[in-house]
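Q: Provided below are the primary sequence and the corresponding predicted coordinates.
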Amino acid sequence: MSVRNDNLGGSDWVDGEVLYDYDLDDTFDEVAPSAKMSGSIYTGSDFNASAGGSANHTIQISSSELRSATYLIVNVSYVAYATGSVGADGSVTFRIETQETGGGGGGWSDLLGTTTVCRANSAGGAGDADTNESRTVGTLRLVKTLTAGELSNGIDVKFTTTTSAPSNATASLSNEMVWFEGLN
């Protein structure tokens, strides 16, 4: 016989009781890491960018949605595309920043610093192909340790996309889905 812990309601096991997966999570002091937080899926296009532009979008997660999690897992699925033409590179960069809601934690800090997620180098001169192209379909999964202030006040997560597409080059990024998970 073992003892359930108090994190998920805990009590003693009873002989003959059926053991389910959530009971194991409880026994080992763990909440399933894939538990989605309420209202935490975003499929909008506010940080989509193309043609040498920039866009950003901030998602606010309340303290009640964080549910006393120790870690916030940020997942982003995207499609990025770039072409390079003679003398012109196309590229897409992505950045994720966080701050305590209300700015009380000292302002924005990088969870993912500006990172190139797609690039097409310029095509060569005479005799070479006129364009090079690159397509990236990816998912970023980042883990952030939550501060006491973020747990009390909530957290803002800002996504910024910047595309570089001089002359005949192109570049774009499309958000497929952003979702958050809490992990104890």
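A: Now that the structure is in, tell me what you want to look at.
Q: mind listing what residue 81 touches?
A: Applying C-beta atoms under 8 Å, 6 or more residues apart in numbering, we find residue 81 in contact with 92, 118, 133-136, 170-173. In this view, the C-beta of every residue, glycine as well, is placed from N, C-alpha and C.
Q: Just among those, which is most surrounded?
A: residue 171 (29 neighbours; other C-beta atoms under 10 Å).
Q: now the contacts of residue 81 in JSON lines, with secondary structure and pLDDT?
A: Formatted as JSON lines, the contacts of residue 81 follow (DSSP: H, G, I helix; E, B strand; the rest coil; pLDDT from 0 to 100):
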{"residue": "92", "secondary structure": "strand", "pLDDT": "94"}
{"residue": "118", "secondary structure": "strand", "pLDDT": "92"}
{"residue": "133", "secondary structure": "strand", "pLDDT": "85"}
{"residue": "134", "secondary structure": "strand", "pLDDT": "89"}
{"residue": "135", "secondary structure": "strand", "pLDDT": "91"}
{"residue": "136", "secondary structure": "strand", "pLDDT": "92"}
{"residue": "170", "secondary structure": "strand", "pLDDT": "88"}
{"residue": "171", "secondary structure": "strand", "pLDDT": "92"}
{"residue": "172", "secondary structure": "strand", "pLDDT": "93"}
{"residue": "173", "secondary structure": "strand", "pLDDT": "93"}
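Q: Of these, which is the nearest to residue 43?
A: Using C-beta to C-beta, residue 173 comes nearest to residue 43 of these, at 14.3 Å.
Q: Using CSV, please lay out the contacts of residue 81 together with distance to residue 146.
A: Formatted as CSV, these follow (distance: C-beta to C-beta, whole Å):
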residue, distance to residue 146
92, 29
118, 30
133, 40
134, 35
135, 35
136, 29
170, 39
171, 34
172, 33
173, 27
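Q: Can you spell out which residues form a bridge with residue 142?
A: As for beta bridges, residue 142 partners with residue 74 under DSSP bridges.
Q: distance of it from residue 90?
A: From residue 142 across to residue 90, the span is 25 Å (C-beta to C-beta, to the nearest Å).
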